[in-house]
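Undergrad: when you get a sec, could you give me coordinates for this:
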Amino acid sequence: MDLIGYFASILIGISLGLIGSGGSILTVPVLVYLFHIDVITATTYSLFIVGLSSAAGTFPYFRGNMVDIKTALIFGIPSVLAVFFSRRVIVPAIPESVFEIGNLAVTRSTLLLSIFAVLMVIASYNMIAKSEEADQPKVNRQKPFSNLRILSLGALVGLVTGLVGAGGGFLIVPALIGFLKTPIKTAIGTSLLIVAINSLTGFLFSVTFIAINWCFLLSVTLMAFLGIFVGSKLAKKIEGRRLRFAFGWFVLIMGIYILLRELLFK
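TA: Sure, this is the predicted structure:
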């Protein structure tokens with residue numbers, strides 16, 4: 001099972017390198033279901049893996065002048081504050097046993113994974129339904145109050161990042177394309193930078209109350225780095241629309257599987 005987990009870790013990096021999102025969507029399920037790590041630790045490990053992998057994946061986009069620093073900073077400030085609040089206040093406040101409905105006992109693990117699965121379904125919609133639109137050339141014209149929208153979305157992404165260990169790229173890329181009319185490649189590069197900032201900040205906020213197995217964590221991160229390299233190469237050869245469409249369906253299936261496993265067949 002560990003071998004499958006390490007292979008899946010490569011897919012995490014490939015996803016980030018190809019479309020600038022989706023890595024965190026894979027990381028938590030890989031850690032929980034393949035490596036059998038508890039959810040709180042898995043979300044913390046996910047922040048480190050996705051954060052470093054995203055930082056590495058940003059460099060090719062920097063060289064190609066496809067990273068919007070201003071937007072990343074506007075996003076980053078409220079995101080970091082929200083990550084801190086989520087990791088230090090919300091996550092520790094969630095009780096081990098949340099509530100019971102009949103024979104269904106909703107634990108902290110079940111709650112977090114269910115929230116994560118719902119986010120996966122939302123992310124899959126953005127990838128599937130908007131893949132055609134996202135692949136069209138965009139003109140970079142800002143709408144009125146776009147900075148306020150980006151600030152608000154930054155805070156939302158920060159809460160998501162801190163709560164379930166998801167970098168939020170699946171929210172950031174569609175937002176940059178839809179709100180700021182950012183070209184797809186620039187949206188990917190900017191998303192990677194924002195995800196790196198959010199995730200690594202969230203990890204730093206968590207290391208004081210989580211025991212870290214550094215040998216394991218670094219080995220999984222190394223596999224993700226390998227995937228980033230492969231994904232960056234493939235991104236030059238694969239049509240973006242088809243890629244987002246196929247990955248969207250994969251994420252949808254994974255989200256439904258997690259929901260069914262946690263709520264009905266656990």
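Undergrad: which residues in the stretch 51-200 of the chain form strands?
TA: Taking DSSP state E, counting those that start in this stretch to define them, one finds strands in the stretch 51-200 of the chain at 97-101, 104-107.
Undergrad: pLDDT below threshold where in the stretch 1-150 of the chain?
TA: Across the stretch 1-150 of the chain, the ranges flagged by pLDDT under 70 are 1, 16-24, 126-127, 130-147.
Undergrad: pipe the strands of the stretch 51-200 of the chain into CSV and attach distance to residue 50 and mean neighbour count per row.
TA: Where C-beta positions appear, they are placed from N, C-alpha and C, glycine not excepted. Shown next, in CSV, are those (distance: least, Cβ to Cβ, whole Å; neighbours: other Cβ atoms under 10 Å):
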stretch, distance to residue 50, mean neighbour count
strand 97-101, 26, 10
strand 104-107, 24, 14
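Undergrad: quick one, helices of the stretch 1-150 of the chain?
TA: Secondary structure of the stretch 1-150 of the chain (DSSP state H, counting those that start in this stretch): helices at 2-19, 23-29, 39-63, 69-85, 91-93, 108-129, 131-134, 146-164.
Undergrad: can you give the distance of the longest one from its chain's centre?
TA: Pointing back at helix 39-63 there. Relative to its parent chain, helix 39-63 has a centroid offset of 9 Å by Cα atoms, centre = their mean, to the nearest Å.
Undergrad: angle of that helix against helix 108-129?
TA: With axes from the mean of the first three to the mean of the last three Cα atoms, to 10 degrees defining the directions, helix 39-63 sits at 30 degrees from helix 108-129.
Undergrad: in JSON lines: the strands of the stretch 51-200 of the chain, plus distance to residue 80.
TA: JSON lines is the format used below for the strands of the stretch 51-200 of the chain (distance: least, Cβ to Cβ, whole Å):
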{"stretch": "strand 97-101", "distance to residue 80": "27"}
{"stretch": "strand 104-107", "distance to residue 80": "29"}
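Undergrad: pLDDT (mean, whole number) over stretch 211-229?
TA: Averaging pLDDT along stretch 211-229 yields 88.
Undergrad: the helices of the stretch 1-150 of the chain: which one's closest to residue 209?
TA: helix 91-93 (7.4 Å; Cβ to Cβ).
Undergrad: residues of the closest one that come out buried?
TA: Neighbour counts over helix 91-93 (16 or more other Cβ atoms under 10 Å) mark residue 91 as buried.
Undergrad: any idea how far stretch 99-108 is from the chain center?
TA: With Cα atoms, centre = their mean, you get 27 Å for stretch 99-108.
Undergrad: an error on my part: the question was meant for stretch 113-127.
TA: 11 Å.
Undergrad: list the buried ones in it?
TA: By neighbour count on 16+ other Cβ under 10 Å, the buried set for stretch 113-127 is 113-114, 116-117, 119-120, 122-124, 126-127.
Undergrad: then stretch 191-201?
TA: Of the residues in stretch 191-201, those buried by neighbour count under the rule 16+ other Cβ under 10 Å are 191-201.
Undergrad: and for stretch 223-238?
TA: Using 16+ other Cβ under 10 Å as the burial criterion, the residues of stretch 223-238 that qualify are 223-232, 235.
Undergrad: with stretch 66-86 instead?
TA: For stretch 66-86, a neighbour-count test (16+ other Cβ under 10 Å) marks 66-68, 71-72, 74-76, 78-80, 82-86 as buried.
Undergrad: what's the most distant pair in those?
TA: Farthest pair in the buried residues of stretch 66-86 (Cβ to Cβ) is 66 and 85. Separation: 31.1 Å.
Undergrad: if we can go back for a sec, from the buried residues of stretch 191-201, pick the one nearest residue 46.
TA: Nearest to residue 46 among those, counting by Cβ to Cβ, is residue 199 at 7.7 Å.
Undergrad: burial count for the residue lying closest to that closest one once chain neighbours are set aside?
TA: Using Cβ to Cβ, 6 or more residues apart in numbering and skipping residues adjacent in sequence, the residue nearest residue 199 is residue 51, 3.2 Å away. By other Cβ atoms under 10 Å, 25 other residues sit near residue 51.
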